[in-house]
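> kindly generate the corresponding structure for this input.
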Amino acid sequence: MHFRRHVSRALHEDHVTTTAVLDRLEMLLGRHPPGRPPPQADADAARLLKDLIAALDSEIGPHFAFEEACIFPLLAEAGDGEMAAYLLEEHQAILPLARRLAEIAKSARGAGFAAGPWTQFHATGAELVERLASHVQKEEMGLLPALDDLLDEETDGRLAVAFAASR
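Model prediction:
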C-alpha cells in the first residue's frame, strides 16, 4: 500500500516488519506441533527467537505506546473515537500475549525448548499470530488511510519526528 503521510508510512513499515516475523513464527509452529519442540540445533528456530524477541521488545510495545499517546487521541478528536477505542482494546489483549511469548522465548534462547515450555510457546504464539495479524490488517485498512486523510503536513511532520524519537 502507498500512504501519503510520513507517519502512516512509518507505521506501515513497522507492520511489514512485524508481519514478516509473524509469518516465520507461524511456519515454525506449523512444522513443530505442541509437545514436539524444534531441536536445539535448529538454526532457523534460533534466528526466529532472536528476531521475535527483538520485535516483541523493541517494536510492538513502542508502536502501541505511540499510537495510544499520539494517534488515538487525534482520531477521537476528529470524531473517530470508536475506532481508537476498539484498537486500544486490541492492544490491551495483544500486549500481555507478546510479553508472555517474549519471556518464554528468552528462557529457551540458549538451551532450546523442553516439551512443556514449547507447548506454552506454541499456544501463546498461535494466539498472538491470530490476534496481531488481524490487528495489523485493521490498522492497514482503517487507521492508516484515516491518518492520511486526517493529518496536515505540519502535524504529520511533528508525529513522524515523535515516532522516530520513540524508537
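
> name the nearest residue to the most centrally placed residue in the chain, ignoring sequence neighbours.
In the chain, the C-alpha nearest the mean C-alpha coordinate belongs to residue 60, at 4.2 Å (C-alpha atoms, centre = their mean). Once flanking residues are discounted, residue 60 sits nearest to residue 98: 5.2 Å by C-beta to C-beta, 6 or more residues apart in numbering. Quick note: C-beta positions are derived from backbone N, CA and C, even for glycine.

> if I read this right, that neighbour contacts residue 61, doesn't it?
Yes. In this structure, residue 98 is within contact of residue 61 by C-beta atoms under 8 Å, at 7.4 Å.

> who's more crowded, those two?
Between residue 98 and residue 61, residue 98 has the larger neighbour count (other C-beta atoms under 10 Å), namely 23 against 16.

> give me the pLDDT value at that one.
Listed pLDDT for residue 98 reads 95.

> and residue 82, by the same measure?
pLDDT, read off for residue 82, is 96.

> quick one: what helix or strand has it in it?
Per DSSP states H and E, residue 82 falls inside helix 81-108.

> please apply the same query to residue 45.
Counting by DSSP H and E, the element that carries residue 45 is helix 43-55.

> list the helices and strands the following helix or strand past that helix packs on?
Once the chain leaves helix 43-55, the next helix or strand it forms, by DSSP H and E, is helix 61-66. Applying 3 or more C-beta pairs under 8 Å, 6 or more residues apart in numbering; DSSP states H and E, one finds that helix 61-66 contacts helix 6-31, helix 81-108.

> count the residues that sit near residue 79.
Other residues lying near residue 79 total 9 when counted by other C-beta under 10 Å.

> next, it: secondary structure please.
coil (DSSP: H, G, I helix; E, B strand; the rest coil).

> now the one helix or strand in the chain whose mean pLDDT sits lowest against helix 81-108, angle please.
The weakest-scoring helix or strand in the chain, judged by mean pLDDT, DSSP states H and E, is helix 43-55 (a mean of 92). Interaxial angle, helix 43-55 versus helix 81-108 (axes from the mean of the first three to the mean of the last three C-alpha atoms, to 10 degrees): 130 degrees.

> what's the offset of helix 43-55 from the middle of its chain?
Here the centre of helix 43-55 is set off from its chain's centre by 15 Å, with C-alpha atoms, centre = their mean, to the nearest Å.

> what do you get for stretch 39-55?
17 Å.

> list the buried residues in it.
For stretch 39-55, the neighbour count (16 or more other C-beta atoms under 10 Å) marks 42, 45, 46, 48, 49, 51, 52, 53, 55 as buried.

> nice, that's everything, thank you.
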